[in-house]
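Q: My questions concern the predicted model and sequence given below.
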Amino acid sequence: MNSIVPVATTGDIRLDDAERQPCEVWTRVMGYHRPVASFNRGKQSEFAERRFFSEAEARPDECGPVAD
């Protein structure tokens, strides 16, 4: 039998910067996935400037544009 043992039972886990490891970020490019770290500096800069699309913010009301 396998039993699930919680890693931390009380409090928060705090790590020093030396104990951390970098997170590898991947993105979809032209139908396949690539790590952002493999991009050149210009493409990495462009990736950092991207904004996420939110339909709720793009369309604040359900009625659509008002016709005059």
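A: That came in fine, so what should we check first?
Q: where along the chain do the strands fall?
A: Using DSSP state E, the strands of the chain run over 26-29, 32-35.
Q: Out of these, which is the most enclosed?
A: strand 26-29 (a mean of 11; mean count of other C-beta atoms under 10 Å). Heads up, the C-betas are built off the backbone N, CA and C, glycines and all.
Q: Return the list of strands paired to that strand, each annotated with direction.
A: strand 32-35 (antiparallel) (DSSP bridges).
Q: contact partners of the partner strand?
A: 24-27 (C-beta atoms under 8 Å, 6 or more residues apart in numbering).
Q: sorry, back to before: could you check the strands of the chain and tell me which one is nearest Asp16?
A: strand 32-35 (25.6 Å; C-beta to C-beta).
Q: separation between Ala48 and Trp26?
A: If you measure Ala48 against Trp26 using C-beta to C-beta, to the nearest Å, the figure is 15 Å.
Q: show me where pLDDT drops low in this structure?
A: 1-10, 60-68 (pLDDT under 70).
Q: could you pull out the helices for it?
A: Taking DSSP state H to define them, one finds helices in the chain at 41-49, 55-58.
Q: Turn the ones you listed into a markdown table, including distance to Arg34.
A: Output for the helices of the chain, formatted as a markdown table (distance: least, C-beta to C-beta, whole Å):
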| stretch | distance to Arg34 |
| --- | --- |
| helix 41-49 | 10 |
| helix 55-58 | 26 |
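Q: Just name the most buried of those helices.
A: Per stretch, and counting mean count of other C-beta under 10 Å, the top mean among the helices of the chain goes to helix 41-49, which has a mean of 10.
Q: Tell me which other helices or strands that helix touches.
A: Contacts defined by 3 or more C-beta pairs under 8 Å, 6 or more residues apart in numbering; DSSP states H and E place helix 41-49 against no helix or strand at all.
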